[in-house]
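Visitor: the following block contains a protein sequence and its predicted model.
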Amino acid sequence: MALESTVSTSRPAFSQSRSLAQRSADYFNMSGSAEAVVAAILFALMVVLKLVNITSYRFDSDESQHMHVIWAWARGFVQYRDVFDNHMPLFQIMFTPIFGLIGDRATILYWMRFILLPMYFVGAWCTYRIGESLFSRRVGVWAVILAGLYPKYHFISFEFRTDNLWAPLWLLCITVLISGPLTVPRALVAGLLLGLSFSVSLKSVLLLLTLFVSAPIALFLVGRKQLGQSWVHLARCTLAFFAAIPLAPGASATAFALAGLWRDFRYCNLEHNILPHLNTKNHPAWWIMVFPVVFPFVIYAARLIVRATPEPGVAFRRVFILLICGFYGLALRSFWNLLTRQDYLPYYPLAFVLVSGALLAVSPRLAKYKLSVSHYLYRIPLPAFVGLLELFLVIVTRPFWINRTETETNLLRGVLKLTDPSDYVLDCKGETIFRQRCFWPVTESIMMERLNRRLVTDNAAERAVETHTCVAVMKGRMPIHAKKFIWANYIPVGDDLRVAGRFLQPSEADSMRMDFEVVIPAPYKIVARDGQVGGTLDGTQYDGARFLAPGRHTFVQTSSGTGLVLLWAQAVDRNFIPEKFTHPRVKG
């Protein structure tokens, strides 16, 4: 009886799951239930890996930089005036209320990665809809999977950065444009979405130029009459599209201008980012020839697609996306002054729509040949094998079981423990997040080049003295003058933190006498590696923390402690000690 009962309940469950796979295969136009099951498994693994890597993949310095600006807004500071940022303000303003609810937590970057994650799925949905519009639902599904498992896109797309709001807005714009007949309302919505992209990043100028070039070429190749479009209707739609673009960025610029901050807004977003010959080492001049040489071949490929596609509307959508990918990718390579990995975020989803369509077209042809994999290609198409390869690369290149986020989290814990909200810090790009920086410039690539060319003054040392900055963090690039100042006046105390102080050295004439220089005015204590510290400081009995002004000071030791260190008193009170006390040098 028990065996009969088990069989009678297990068979319907098996048949139900099988029918669900078959129904999914039918809905997505797949070859059968095997393909549907493989696609579902790969998609599930993609999502799981995304969630796991959010908590283990190392934090980029840009994430802390954006988070610091958001913190500044929440604390009443103003972007551009009080804290430097070379991005448009929509992203930071959007997340300020969310940060206000979360508060100052060492785990803030984990929180923000998860909160931004829905925008990744917005981009995935757009990828699916674009694939469906160009080819089929089947292509849309595989485009989402192949893009999501592509290592370069997989890891960048969950970072807490402006680009992961910028790229989905761009994809939404494209989705709106190609998801139905071109109308004035549709063009208006697409223009608003592109305008929102401008409000996140002015890199959208290249996206606008891409549309401006690709749409007319696609229209010419397919034919206006074949698409049933009149010049008057096209003019109305174009006017609506371009009229809507300035609304969102114009509102941001107007708000800053009315607040009397137009000069700061203009410098940080426009003047600062425009710097000739910025990256000549990694962007040689001959790259400019890539575009004029290769783009004609892209146009030729688009012409072949038009000839091979009988339906004019489908042909237009296919060549439109091909031209967007070709123009944007080549223009980045040839003309973009500072090329970064995140610049390709709007490119990958569209490119994988075309790749998925091509692979699915090739797959049945390969199945006809007598190859070792031909038997499998009848049931599981080529994109599945590409997806498996990508899955392997994602796991191997960045093993998810190795936690690379602890460094930043430990730093933030140290900052919150060591400093008060009123304390200033000296860091590179705002990696301390929760404290005001004494140095206004952020040492990202463009600013570093400006500092090297002496277009911006390196006054980090002077500002540290003026603001009594007793904490420094040097996790990235720093101007040479600031770097030397930190090395000379700050002592490592762990978790990438450095605290104002110096190691005291006995004079040659008297081993108990120690002369030293103080640069940053602050309360200090003298501590020893072992034992108590006793003596006189500047001629008076040393009895604990004492405020020392800039200048020369003398300590005469009467105790037996060794390895004396002058250290910011607040650090000592909060149990921070020099790293050398816990990690002594091994004498060879």
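Guide: Now that the structure is in, tell me what you want to look at. Numbering: from 1, shown residues only.

Visitor: residue 547 belongs to a strand?
Guide: Yes: counting by DSSP: H, G, I helix; E, B strand; the rest coil, residue 547 is found in a strand.

Visitor: what about the nearest residue to residue 572 once chain neighbours are set aside, distance to residue 147?
Guide: Excluding its sequence neighbours, the residue lying closest to residue 572 (Cβ to Cβ, 6 or more residues apart in numbering) is residue 525, at 4.6 Å. For every residue, glycine as well, the C-beta is placed using N, CA and C. From residue 525 across to residue 147, the span is 56 Å (Cβ to Cβ, to the nearest Å).

Visitor: phi, psi of the spatially closest residue to residue 404 that is not a sequence neighbour?
Guide: Leaving aside its sequence neighbours, residue 404 sits nearest to residue 58 (Cβ to Cβ, 6+ apart; 3.7 Å). Dihedral angles of residue 58 (phi, psi; degrees, to the nearest 10) stand at phi -60, psi 150.

Visitor: how about the helices in the stretch 101-250 of the chain?
Guide: Under the criterion DSSP state H, counting those that start in this stretch, helices of the stretch 101-250 of the chain are mapped to 108-134, 137-149, 151-156, 163-178, 184-200, 204-222, 231-244, 247-258.

Visitor: packing partners of whichever strand or helix holds residue 493?
Guide: Under the criterion of DSSP states H and E, residue 493 resides in strand 490-494. Judged by 3 or more Cβ pairs under 8 Å, 6 or more residues apart in numbering; DSSP states H and E, strand 490-494 is in contact with strand 497-503, strand 565-568, helix 579-582.

Visitor: what's the angle between that strand and strand 497-503?
Guide: 130 degrees (axes from the mean of the first three to the mean of the last three Cα atoms, to 10 degrees).

Visitor: chain center to strand 490-494, what's the gap?
Guide: On the basis of Cα atoms, centre = their mean, to the nearest Å, strand 490-494 sits 29 Å off its chain's mean C-alpha point.

Visitor: list the buried residues in it.
Guide: Using 16 or more other Cβ atoms under 10 Å as the test for burial, strand 490-494 gives 490, 491, 493, 494.

Visitor: what's opposite the closest residue to the second one other than its chain neighbours in the beta bridge?
Guide: In this case it means residue 491. Nearest residue to residue 491, sequence neighbours excluded (Cβ to Cβ, 6+ apart): residue 501, at 4.6 Å. Applying DSSP bridges to residue 501 gives these bridge partners: residue 567.

Visitor: centroid-nearest residue for the protein?
Guide: Closest to where the C-alpha atoms of the chain average out (Cα atoms, centre = their mean) is residue 161, at 3.7 Å.

Visitor: ok, now which ones touch the spatially closest residue to that residue that is not a sequence neighbour?
Guide: With Cβ to Cβ, 6+ apart as the criterion, residue 161 has its nearest non-adjacent residue at 5.1 Å, and that residue is residue 62. Applying Cβ atoms under 8 Å, 6 or more residues apart in numbering, we find residue 62 in contact with 159, 161, 342, 429, 444.

Visitor: turn the residues you listed into TSV, including pLDDT and distance to residue 265.
Guide: Converted to TSV, the contacts of residue 62 look like this (pLDDT from 0 to 100; distance: Cβ to Cβ, whole Å):
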residue	pLDDT	distance to residue 265
159	96	25
161	95	21
342	93	23
429	92	20
444	88	18
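
Visitor: residue ranges with poor pLDDT in this structure?
Guide: Along the chain, the model assigns pLDDT under 70 to residues 1-18, 280-283, 367-378, 583-588.

Visitor: break it down into its domains, please.
Guide: 31-274+286-357+381-397, 410-494, 499-582 (automatic domain parsing).

Visitor: quick one: the first one to chain centroid distance?
Guide: So the one you mean is domain 31-274+286-357+381-397. Remark: domain 31-274+286-357+381-397 is offset 13 Å from the chain centroid, using Cα atoms, centre = their mean.

Visitor: now do the end-to-end distance for it.
Guide: Terminal residues of domain 31-274+286-357+381-397 are spaced 32 Å apart (Cα to Cα, to the nearest Å).

Visitor: residue 430 is in what secondary structure piece?
Guide: Applying DSSP H and E as the criterion places residue 430 outside every helix and strand.

Visitor: not counting its neighbours along the chain, what's nearest it?
Guide: Closest to residue 430 by Cβ to Cβ, 6+ apart is residue 68, at 3.0 Å.

Visitor: cool, and residue 201?
Guide: Nearest non-adjacent residue to residue 201, counting by Cβ to Cβ, 6+ apart: residue 166, 4.6 Å away.

Visitor: so what's the one you found up against?
Guide: 91, 197, 200, 201, 203, 204, 345, 346.

Visitor: including distance to residue 530, could these go into a markdown table?
Guide: Formatted as a markdown table, the contacts of residue 166 follow (distance: Cβ to Cβ, whole Å):
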| residue | distance to residue 530 |
| --- | --- |
| 91 | 51 |
| 197 | 60 |
| 200 | 55 |
| 201 | 55 |
| 203 | 56 |
| 204 | 60 |
| 345 | 54 |
| 346 | 59 |
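
Visitor: returning to that earlier point: roughly how far apart are the residue nearest to residue 491 and residue 580?
Guide: From residue 501 over to residue 580 the distance is 12 Å, taken as Cβ to Cβ.

Visitor: residue 30 too?
Guide: Residue 30 is 63 Å from residue 580, by Cβ to Cβ.

Visitor: show me where the protein has strands.
Guide: 424-426, 436-437, 471-473, 490-494, 497-503, 513-518, 522-527, 535-537, 540-541, 546-548, 551-557, 565-568 (DSSP state E).

Visitor: and those strands: which comes nearest residue 254?
Guide: strand 436-437 (27.6 Å; Cβ to Cβ).

Visitor: would you convert the helices and strands packed on strand 490-494 into CSV that also reports mean neighbour count?
Guide: Listed next are the helices and strands packed on strand 490-494 as CSV, based on neighbours: other Cβ atoms under 10 Å:
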stretch, mean neighbour count
strand 497-503, 23
strand 565-568, 24
helix 579-582, 14
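
Visitor: can I get the ones you listed in a markdown table with distance to residue 307?
Guide: Output for the helices and strands packed on strand 490-494, formatted as a markdown table (distance: least, Cβ to Cβ, whole Å):
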| stretch | distance to residue 307 |
| --- | --- |
| strand 497-503 | 64 |
| strand 565-568 | 74 |
| helix 579-582 | 69 |
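
Visitor: mind checking these for the one nearest to residue 435?
Guide: For the helices and strands packed on strand 490-494, distance to residue 435 was read as Cβ to Cβ. The smallest value, 11.5 Å, belongs to strand 497-503.

Visitor: which secondary structure elements does that closest one sit against?
Guide: Under the contact criterion of 3+ Cβ pairs under 8 Å, 6+ apart, strand 497-503 touches helix 406-418, strand 471-473, helix 480-489, strand 490-494, strand 522-527, strand 565-568.

Visitor: tell me which of those sits most buried.
Guide: A comparison of those by mean neighbour count, using mean count of other Cβ atoms under 10 Å, puts strand 471-473 on top with a mean of 27.

Visitor: what does it rub up against?
Guide: 411, 415, 418-419, 423-428, 431-432, 435, 464, 486, 490, 496-500, 568.

Visitor: same thing with stretch 232-245?
Guide: With Cβ under 8 Å, 6+ apart as the criterion, stretch 232-245 contacts 182-192, 194-195, 198, 208, 219, 224.

Visitor: select only the buried ones of these in ChimeraX?
Guide: Restricted to buried positions by 16+ other Cβ under 10 Å, the ChimeraX selection for the contacts of stretch 232-245 reads:
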select :182,186,187,188,189,190,191,192,194,195,198,208,219
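
Visitor: may I have stretch 555-564 as PDB, with CA atoms only?
Guide: Taking Å, rounded to 0.1, in the frame of the first residue of the first chain, the C-alpha atoms of stretch 555-564 are listed here in PDB:
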ATOM      1  CA  PHE A 555      60.200  65.000  26.000                       C
ATOM      2  CA  VAL A 556      62.600  63.800  28.700                       C
ATOM      3  CA  GLN A 557      61.900  60.300  29.800                       C
ATOM      4  CA  THR A 558      62.200  59.100  33.400                       C
ATOM      5  CA  SER A 559      60.500  55.700  32.900                       C
ATOM      6  CA  SER A 560      61.800  52.500  31.400                       C
ATOM      7  CA  GLY A 561      59.300  52.100  28.600                       C
ATOM      8  CA  THR A 562      60.700  51.400  25.100                       C
ATOM      9  CA  GLY A 563      59.500  52.300  21.700                       C
ATOM     10  CA  LEU A 564      57.800  55.600  22.600                       C
END
